[in-house]
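# Structure, please.
(chains A, B, C and D)
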Number of protein chains: 2
Amino acid sequence: MVGMRDVAKTAGVSLSTVSLVVNNTGYVSDDMRAKVEAAMRQLNYIPNELARNLYRNRTNTIGVIMPTIAHPFFATLTAHLQREFAARDLKTLLCSIADADKGEGEYVDMLQRHMMDGIVMAAHTEHPGGYWTSIHRPIVAFDRTLGEGVPAVRSDHEQGGRLIARQLIDSGARHVVLVGGPRSQFAEATTFPTIRYHLTVERMLADAGIACDYVEAGIVADICAHEATARAIFERYSDVDAIVGSDLVASVALQEALRRGISVPRDLQIIAYDGTFMAETAGMRLTAVRQDFPAVAAALASRMDSQIAADNGTTSAAAAEGGNAVAANGGQSTSEDIISVTLIPGETTR
Amino acid sequence: MVGMRDVAKTAGVSLSTVSLVVNNTGYVSDDMRAKVEAAMRQLNYIPNELARNLYRNRTNTIGVIMPTIAHPFFATLTAHLQREFAARDLKTLLCSIADADKGEGEYVDMLQRHMMDGIVMAAHTEHPGGYWTSIHRPIVAFDRTLGEGVPAVRSDHEQGGRLIARQLIDSGARHVVLVGGPRSQFAEATTFPTIRYHLTVERMLADAGIACDYVEAGIVADICAHEATARAIFERYSDVDAIVGSDLVASVALQEALRRGISVPRDLQIIAYDGTFMAETAGMRLTAVRQDFPAVAAALASRMDSQIAADNGTTSAAAAEGGNAVAANGGQSTSEDIISVTLIPGETTR
DNA sequence: CTGAAAGCGCTTACAG
DNA sequence: CTGAAAGCGCTTACAG
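Numbers count the residues shown, from 1 in each chain, chains lettered A, B, ... in the order given. Sure, this is the predicted structure:
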């Protein structure tokens, strides 16, 4: 492997001059620069990023922890995240839980070992309180409340709930089935804000005197389990006239409805939550609450910027002043960005 | 940041002893080990991977170059790849072309700078001949022919074509529409083996005297363009009675057919190529040619293993013997793994 | 404006 | 079995 030393030797200059040319920092006389560039070309020199990483203690890599990249929601989110990070010259390391038999604990380890500069946490795992706060490295949460000092970004699920409830009430729905994650996530102290849309829908429907049942879908990573769930709904609630669930659930429910010859939307309305491309590829164009992926990704990346800047700050400060620069960050410790959602009318509502 | 030096100081031993304990290599007496471990725990020591990376000139990271992760086919492939790599203690760096405004040139640069140990190339870009061969770092191609020394893995598209043609012939199809990428990719010297399934289908249908038209879909990254394509098919070919295309195309075509009140599969058969979860979430269960993602990912990872081993080999050999260990690899230069596909009967064929 | 030196945090021969 | 030394390939103060 040809290194900077070789270039310096060939060009007849010192190591530091080569470095200055490569990084385009400081002043180098034109003929020096020319000599160095000629040598670089001649030797086909390519700088080794690993040495820089070591010196800077940075990899310019962000880990994105997702349940599974195979799920369209997380694939879409990841695509938008990669775009935002790339614009900041940050690489995206894929850290799926279900696709790798690794808990996010191993990814946090990697963060601690400086294999990445930060983590976006979007998977659905539970940890004892204080776990995330104690990590003291750049972390941003998506749709999770991870504790003090971990900024979070999420869609406005209350708004989503209101949009759905309003649609159902206005169109005269009588019996709504809501499909979502394990009901245990509804506990008061939950770290999953997603469920707020369910709570909002349930409350508003109750106020309007409309029946509403909740059905647990399989875990998010298990795409196939949804078919059984869809069938179960029709069998258990023969008079159901509206179904609300994720894009995937809504697609499968629609398929089952078509198979049973149920007229959509006349006798059954379906509303999808998320609004990925799947809402367009089901048997009909699904009415969907669309999360604003570009805005979500932009907010996550921007929060990550701040976390990384703060991390550099505390690191230097800690080295120089004895390590108690933590308090400086206390002000924004409970910060949360809430992104608006939109109801996109499709062919599955009246 | 607490480093090995601090641990050594606290434990009252030398740097190398700490290193031996951390890496669990060589012999260390039990009380030495105990002292070191106590110090590590006390100081909460975490090894910095960047230093190791530099020393080993390895990052244990593989870049996967995809058109876009938002597409279910590539999301599924990536999920399986991550699983295979994780099992080998390799990380997966997401390198989407469309999701980052980066050409794969920039990713190849990163490979050269040793930010990753290898690349899986699954995007659809064209390069002058010899480009890939000249890189001399671990690269494995998916569904592409990239030239000498770049092993490739692909599904058996001829087989896929035969399965499709047989189904259509046996069920008495009269007018088939094939939807695929730009026809220009069909050139003799193409690096895209995917088109072989089209060619096979066309040939077999022609032999059977069945009409067959080819329609170009938008580029793979543009998920929305497919809707227009689907509509165009029905308008241009009013007597079409079979449509073959990717999962996405098939889903959208099915939706359009249902909307037009066409009876599927009685008057129109639809066959999806790929067999991702999307084949299950359309308006009906799609008949699909399923690519064997686990086998494809396993083959890609295994090829990557060899490429990396060879790379280490040539690097050492080059250093020791003067750099012409390349020929040793010549034997496997045109190697290609071909993975079987399966026809999964669904509700959209007779 | 250029060069010799120290150092990023670890690993691995090589003496003891 | 343990320790002092050199080195991975680069970067950045610091003298000249």
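# just the strands in the stretch 151-300 of chain A please.
With DSSP state E, counting those that start in this stretch, the ranges of strands along the stretch 151-300 of chain A come out as A:152-155, A:175-180, A:211-216, A:242-246, A:269-274, A:287-291.
# For A:Gly218, list the residues it contacts.
A:225-226, A:229 (CB atoms under 8 Å, 6 or more residues apart in numbering or on different chains). All C-beta atoms are positioned from the backbone trio N, CA, C, and that covers glycine.
# re earlier: need the strands of the stretch 151-300 of chain A in JSON lines with mean neighbour count, mean pLDDT and distance to chain B, can you?
Shown next, in JSON lines, are the strands of the stretch 151-300 of chain A (neighbours: other CB atoms under 10 Å in any protein chain shown; pLDDT from 0 to 100; distance: least, CB to the nearest CB, whole Å):
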{"stretch": "strand A:152-155", "mean neighbour count": "25", "mean pLDDT": "96", "distance to chain B": "18"}
{"stretch": "strand A:175-180", "mean neighbour count": "22", "mean pLDDT": "95", "distance to chain B": "14"}
{"stretch": "strand A:211-216", "mean neighbour count": "16", "mean pLDDT": "94", "distance to chain B": "18"}
{"stretch": "strand A:242-246", "mean neighbour count": "27", "mean pLDDT": "96", "distance to chain B": "11"}
{"stretch": "strand A:269-274", "mean neighbour count": "27", "mean pLDDT": "97", "distance to chain B": "11"}
{"stretch": "strand A:287-291", "mean neighbour count": "24", "mean pLDDT": "97", "distance to chain B": "14"}
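# nearest to A:Asp156, of the contacts of A:Gly218?
Closest approach between those and A:Asp156, by CB to CB: A:His226, at 25.3 Å.
# Just want the residue of the stretch 201-350 of chain A that's nearest chain B.
Nearest to chain B in the stretch 201-350 of chain A, going by CB to the nearest CB, is A:Gly283, at a distance of 2.5 Å.
# would JSON lines of the strands of the stretch 151-300 of chain A with distance to A:Gly161 be doable?
Shown next, in JSON lines, are the strands of the stretch 151-300 of chain A (distance: least, CB to CB, whole Å):
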{"stretch": "strand A:152-155", "distance to A:Gly161": "11"}
{"stretch": "strand A:175-180", "distance to A:Gly161": "10"}
{"stretch": "strand A:211-216", "distance to A:Gly161": "12"}
{"stretch": "strand A:242-246", "distance to A:Gly161": "10"}
{"stretch": "strand A:269-274", "distance to A:Gly161": "9"}
{"stretch": "strand A:287-291", "distance to A:Gly161": "9"}
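# List just the one of those strands that sits closest to DNA strand D.
strand A:152-155 (31.3 Å; CB to the nearest atom of the strand).
# In its sheet, which strands sit next to the closest one, and in what direction?
strand A:139-142 (parallel), strand A:336-339 (parallel) (DSSP bridges).
# With respect to burial, which of these scores highest?
Most buried of the strands paired with strand A:152-155, by mean neighbour count (mean count of other CB atoms under 10 Å in any protein chain shown): strand A:139-142, with a mean of 25.
# Any idea how far that strand is from the middle of the chain?
Relative to its chain's centre, strand A:139-142 lies at 8 Å (CA atoms, centre = their mean, to the nearest Å).
# Please list the residues outside that strand that contact it.
Counting by CB under 8 Å, 6+ apart, A:77, A:111, A:118-122, A:132, A:146, A:150-154, A:296, A:300, A:303-304, A:307 sit against strand A:139-142.
# returning to that earlier point: output the strands paired with strand A:152-155 in TSV; the columns should cover mean pLDDT and distance to B:Phe192.
Formatted as TSV, those follow (pLDDT from 0 to 100; distance: least, CB to CB, whole Å):
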stretch	mean pLDDT	distance to B:Phe192
strand A:139-142	96	36
strand A:336-339	95	39
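# Which of those strands sits closest to B:Asn312?
Nearest of these (CB to CB): strand A:139-142, 34.5 Å.
# related to what we said a few turns ago, if you skip the residues just before and after it, what's nearest to the residue of the stretch 201-350 of chain A closest to chain B?
Spatial nearest neighbour of A:Gly283, excluding adjacent residues (CB to CB, 6 or more residues apart in numbering or on different chains): B:Gly283 at 2.5 Å.
# what about whichever residue of the stretch 101-250 of chain A sits closest to chain B, distance to B:Met115?
Per CB to the nearest CB, the residue of the stretch 101-250 of chain A with the smallest distance to chain B is A:Arg113, at 4.2 Å. Separation of A:Arg113 from B:Met115 (CB to CB, to the nearest Å): 16 Å.
# now do A:Ala253
Distance, A:Ala253 to B:Met115, using CB to CB: 44 Å.
# quick one, which of the two is more surrounded?
A:Ala253 (30 against 23; other CB atoms under 10 Å in any protein chain shown).
# Could you pick out the residues of the stretch 1-150 of chain A near DNA strand C for me?
Residues of the stretch 1-150 of chain A found near DNA strand C (CB under 7 Å from any atom of the strand) are A:13-17, A:20, A:26-29, A:31-32, A:51, A:54-55, A:57.
# From the residues you listed, which land in strands?
Among those, no residue falls in strands (DSSP state E).
# Which of those scores worst on pLDDT?
Lowest pLDDT of those: A:Gly26, 79.
# Around chain B, which positions in the stretch 101-250 of chain A sit nearby?
Counting by CB under 8 Å from any CB of the partner chain, the positions of the stretch 101-250 of chain A adjacent to chain B are A:101-102, A:110, A:112-115, A:223-224, A:227, A:248.
# Restricted to buried residues, select those residues in PyMOL.
Here is the PyMOL selection string for the buried members of these, based on 16 or more other CB atoms under 10 Å in any protein chain shown:
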select buried, chain A and resi 102+110+112+114+115+223+227+248
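# Show me which of the contacts of strand A:139-142 are buried.
Counted by 16+ other CB under 10 Å, those give A:77, A:111, A:118-122, A:132, A:146, A:150-154, A:296, A:300, A:303-304, A:307 as buried.
# quick one: least confident helix or strand in chain A?
Least confident helix or strand, chain A: helix A:293-321 with a mean of 80, by mean pLDDT, DSSP states H and E.
# ok, the residue nearest to A:Arg58 when sequence neighbours are not counted to B:Ile233 distance?
Nearest residue to A:Arg58, sequence neighbours excluded (CB to CB, 6+ apart): A:Asp117, at 5.7 Å. Going from A:Asp117 to B:Ile233 by CB to CB gives 48 Å.
# what's the answer for A:Leu343, then?
Distance from A:Leu343 to B:Ile233, by CB to CB: 31 Å.
# The two: which is more packed in?
Set side by side, A:Leu343 and B:Ile233 show more neighbours around B:Ile233, with 22 against 19, by other CB under 10 Å.
# Quick check: that one vs A:Tyr237, distance?
Distance from B:Ile233 to A:Tyr237, by CB to CB: 38 Å.
# Could you do A:Asn44 as well?
According to CB to CB, A:Asn44 and A:Tyr237 sit 69 Å apart.
# so where is the stretch 51-200 of chain A shaky, pLDDT-wise?
Low-confidence regions of the stretch 51-200 of chain A, defined by pLDDT under 70, span residues A:187-190.
# Enumerate the residues of it near DNA strand D.
A:51-52, A:54-56.
# among those residues, which two are most distant?
Greatest spacing in these, by CB to CB: A:Ala51 and A:Arg56 (9.6 Å).
# shouldn't A:Glu256 be in contact with A:Arg231?
Yes. Taking CB atoms under 8 Å as the definition, A:Glu256 is a contact partner of A:Arg231 at 5.9 Å.
# Tell me which of these two has more neighbours.
Using other CB under 10 Å, the more surrounded residue of A:Glu256 and A:Arg231 is A:Glu256, with 19 against 15.
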